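*Asks:* Sequence and predicted structure below; questions after.
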Amino acid sequence: MTIQTVATQPFAGQRPGTSGLRKKVTEFQRPGYLENFVQAIFDTLGDCAGQTLVVGGDGRFHNRAAIQTILRMAAAHGFARVLVGQGGILSTPALSCVVRKRGAMGGIVLSASHNPGGPDGDFGIKYNIANGGPAPEKITEAIYAHTQTITAYRISDASSLDLDALGEQRLEHTVIKVIDSVADYAELMAGLFDFAAIRALFARGFTMRFDGMHAVSGPYAKAILEGLLGAPAGTVINGVSLEDFGGGHPDPNPVNAAELIALMAAPDAPDFGAASDGDGDRNMIVGRGIDVTPSDSLAILAANAAVAPGYRAGIKGVARSMPTSTAADRVARELGVPCFETPTGWKFFGNLLDAGLVTLCGEESYGTGSTHIREKDGLWAVLFWLNLLAVSGKSVAQIVQEHWARFGRNYYSRHDYEAVDGAAAHGLMAQLREQLAQLAGATLGQFTVALADDFAYTDPVDHSVSTQQGVRIVMSDGSRIVLRLSGTGTEGATIRLYLEKYEADPARHAIPTQQALAGLIAIAGELTQIAARTGRAAPTVIT
Ligand code: VG1
Ligand code: CO
């Protein structure tokens with residue numbers, strides 16, 4: 001075993017996006033591509049001697065090969081210890097949990113989350129810092145800068161390690177420890193939620209389906225729901241992790257999890273349904289005949305947090321990404337706690353959580369989480385709902401409708417135009433930005449524009465500024481149209497159009513969502529000329 005220094009050249013385009021570097025698997029298979037990025041991470045970190053690193057991924061195609069490379073590079077950089085999930089598996093929330101619990105310097109997550117996997121699919125890599133959360137922009141930008149000037153990487157020439165047997169091995173002077181992928185995470189969950197109440201709920205015959213979408217959550221859900229909580233076998237469906245996610249799109253929304261939605265609409269539907277994404281950090285909550293929007297889910301958990309032992313003391317504040325509906329703001333106001341509005345991406349919640357300013361965070365993209373780790377957490381949200389259902393004795397539909405009756409309903413939808421021509425998408429955003437100055441005060445259909453801007457965020461803790469985080473057009477009644485370009489796609493550009501309309505009157509809470517938002521959809525279409533510019537008559541996905 002010796003440590004080699006291998007000459008290399010920069011690759012263009014290694015700038016991390018909303019959540020790490022995501023590219024086609026074929027790109028990551030190019031010689032030196034992964035190595036360059038990992039070297040850039042280690043160069044950014046500086047002295048790694050004596051430190052602990054955590055490594056794991058969502059099990060998609062190329063996960064094992066990438067981990068072997070990272071381990072050999074970590075050994076070449078003098079880490080004392082690397083903790084690896086068994087079989088190379090760690091869900092994103094589990095990795096965050098392990099980094100925090102084991103006092104690691106940081107962690108490397110191999111995932112492209114909800115993007116499809118397989119040899120022709122996507123792969124991704126992300127660095128998480130010692131708090132367990134995604135590296136802030138300051139660090140991701142430094143990593144990117146290193147990728148642009150790199151001339152060599154360092155790697156051990158040792159042969160492949162066994163990632164399947166638990167226990168310790170040596171690579172150069174580094175101890176590589178293969179750990180149980182689920183244990184630390186399951187222990188954390190058991191400390192936050194009333195497992196006895198949930199066990200009693202299942203014992204009373206409560207039925208549930210958890211759709212693992214053949215991604216990373218299956219083994220976690222099986223161990224916790226069917227194992228610790230006594231839910232009957234078969235509660236977890238599509239629970240076997242596959243390298244290509246069974247050819248599916250592991251994005252838990254009503255379109256991609258159609259199988260679960262159909263199950264929940266059937267006459268013999270289970271009481272509760274849920275799904276998670278490729279890397280286990282997203283969640284979709286479904287009741288009999290009702291799917292809960294992620295924005296509503298955040299608001300409902302905030303309003304009911306005290307049902308869970310881990311949040312008995314109440315919440316300090318809430319944070320939501322800018323495009324997420326303002327339903328949580330209404331709850332925060334009533335609780336008398338602050339509500340923060342951040343740019344899209346979990347990395348912006350880290351400082352707020354570390355500073356103790358907020359307890360719960362959420363994004364409209366099926367992401368919810370809390371202070372317990374520094375990532376969004378799919379199964380955590382599902383357990384929170386189970387805890388709420390167990391304690392309240394109510395159905396999902398009842399909980400949602402009562403919430404709307406109390407706080408009003410924020411009708412909400414996201415329209416995605418995926419893989420459109422990059423120039424057309426950037427042109428659309430540029431043209432929209434040019435209109436912003438004239439929009440304030442304008443009358444658009446039944447609405448009057450109260451505010452039109454390009455969202456900029458100043459972090460209240462470290463005062464870092466992030467600009468151009470999405471165009472928002474806010475109406476005088478609080479309704480909103482938001483547009484931004486995705487930072488996670490790997491093909492062309494994806495335009496996300498977010499629509500929100502508030503309705504206080506309970507008599508008007510049962511309107512089909514797209515109908516309730518029709519006026520705003522028409523205005524957005526006119527302002528952006530999205531159909532003409534993209535050549536698409538309709539969005540690719542509506543959630
Ligand atoms: C999307 C979501 C965003 C989320 C990000 C990572 O980003 O909109 O809310 O944080 O994915 O989630 P974008 O830039 O494509 O809109 V995950 O589960 O892919 O790590
Ligand atoms: Co994810």
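*Replies:* Sure, I can see it. Ligands and ions are numbered 1, 2, ... in the order given.
*Asks:* Please report the distance of the residue of the stretch 1-150 of the chain found nearest ligand 2 from E243.
*Replies:* Residue of the stretch 1-150 of the chain nearest ligand 2, by C-beta to the ion: S113 (3.1 Å). Backbone N, C-alpha and C define where each C-beta goes, glycine included. Counting by C-beta to C-beta, to the nearest Å, the gap from S113 to E243 is 15 Å.
*Asks:* Which of these two has more residues huddled nearby?
*Replies:* Taking other C-beta atoms under 10 Å, S113 and E243 do not tie; S113 has more neighbours (28 against 17).
*Asks:* so that one, which of the three states?
*Replies:* Three-state call for S113 (DSSP: H, G, I helix; E, B strand; the rest coil): coil.
*Asks:* Please see if the one helix or strand L389 maps to touches ligand 1.
*Replies:* Secondary structure from DSSP states H and E places L389 in helix 378-392. No. Helix 378-392 is not in contact with ligand 1 by C-beta under 6 Å from any ligand atom; minimum separation 8.5 Å.
*Asks:* So is that helix next to ligand 2?
*Replies:* No. Using C-beta under 5 Å from the ion, helix 378-392 stays clear of ligand 2, coming no nearer than 7.8 Å.
*Asks:* what about that helix, average pLDDT?
*Replies:* Averaged across helix 378-392, pLDDT comes to 98.
*Asks:* In it, which residues are buried?
*Replies:* Residues of helix 378-392 classed as buried: 378-391 (neighbour count, 16 or more other C-beta atoms under 10 Å).
*Asks:* chain center to the helix or strand that comes right after that helix: distance?
*Replies:* Following helix 378-392 in sequence order, the next helix or strand is helix 396-407 (DSSP H and E). Counting by C-alpha atoms, centre = their mean, to the nearest Å, helix 396-407 is centred 25 Å from the centre of its parent chain.
*Asks:* Around ligand 1, which positions in the stretch 101-250 of the chain sit nearby?
*Replies:* Contact residues, the stretch 101-250 of the chain versus ligand 1 (C-beta under 6 Å from any ligand atom): 113-114.
*Asks:* Please enumerate the helices of the stretch 101-250 of the chain.
*Replies:* Assigned by DSSP state H, counting those that start in this stretch, the stretch 101-250 of the chain shows helices spanning 137-149, 183-192, 195-203, 217-221.
*Asks:* Residues in contact with the third one: which ones?
*Replies:* If you take C-beta atoms under 8 Å, 6 or more residues apart in numbering as the criterion, helix 195-203 is touched by 208, 228-232, 383, 386-387, 389-391.
*Asks:* Most widely separated two among those residues?
*Replies:* Pairwise distances across those peak at 21.2 Å for P232 and V391 (criterion: C-beta to C-beta).
*Asks:* average model confidence for stretch 275-292?
*Replies:* On average, the pLDDT along stretch 275-292 is 96.
*Asks:* meant to ask about stretch 321-337, not that
*Replies:* Rounded mean pLDDT across stretch 321-337 is 98.
*Asks:* what about that stretch, start to end distance?
*Replies:* End-to-end distance for stretch 321-337: 17 Å, by C-alpha to C-alpha, to the nearest Å.
*Asks:* quick one: buried residues of it?
*Replies:* Using 16+ other C-beta under 10 Å as the test for burial, stretch 321-337 gives 321-332, 335, 337.
*Asks:* now it: how far from the chain's centre is it?
*Replies:* Offset of stretch 321-337 from its chain centre (C-alpha atoms, centre = their mean): 19 Å.
*Asks:* phi, psi of the residue lying closest to F206 once chain neighbours are set aside?
*Replies:* Among residues not flanking F206 along the chain, D271 sits closest, at 5.2 Å (C-beta to C-beta, 6 or more residues apart in numbering). Dihedral pair for D271: phi -70, psi -30, per degrees, to the nearest 10.
*Asks:* Also R414?
*Replies:* When read as degrees, to the nearest 10, the backbone of R414 gives phi -120, psi 130.
*Asks:* That one pairs with what?
*Replies:* Under DSSP bridges, the beta-bridge partners of R414 are Y498.
*Asks:* Assess the claim that it and Y498 are in contact.
*Replies:* Yes. With contact defined as C-beta atoms under 8 Å, R414 reaches Y498; the gap is 5.2 Å.
*Asks:* Compare the two (neighbour count), which wins?
*Replies:* Set R414 next to Y498 and count neighbours by other C-beta under 10 Å: Y498 wins out with 27 against 21.
*Asks:* From ligand 1, how far off is the more buried one?
*Replies:* Noted for Y498: a distance of 9 Å to ligand 1, by C-beta to the nearest ligand atom, to the nearest Å.
*Asks:* Next one: that residue, what pLDDT does it get?
*Replies:* pLDDT recorded at Y498 is 98.
*Asks:* ok, now L436?
*Replies:* Note for L436: predicted pLDDT of 95.
*Asks:* what does the helix or strand that contains it contact?
*Replies:* Element membership for L436, per DSSP H and E: helix 422-439. For helix 422-439, contacts defined as C-beta under 8 Å, 6+ apart pick out 417, 449, 452-454, 471, 473, 483-485, 492-495, 527-530, 533-535.
*Asks:* Just the buried residues of those residues.
*Replies:* Buried by 16+ other C-beta under 10 Å: 417, 449, 452, 454, 471, 473, 483-485, 492-495, 527-528, 530, 533-534, out of these.
*Asks:* Now, those that are in strands?
*Replies:* 417, 449, 452, 454, 471, 473, 483-485, 493-495 (DSSP state E).
*Asks:* Enumerate every residue touching the closest residue to A49 other than its chain neighbours.
*Replies:* In space, A49 comes closest to G78 once its chain neighbours are excluded; the distance is 4.2 Å by C-beta to C-beta, 6+ apart. Going by C-beta under 8 Å, 6+ apart, G78 touches 48-50, 173-174.
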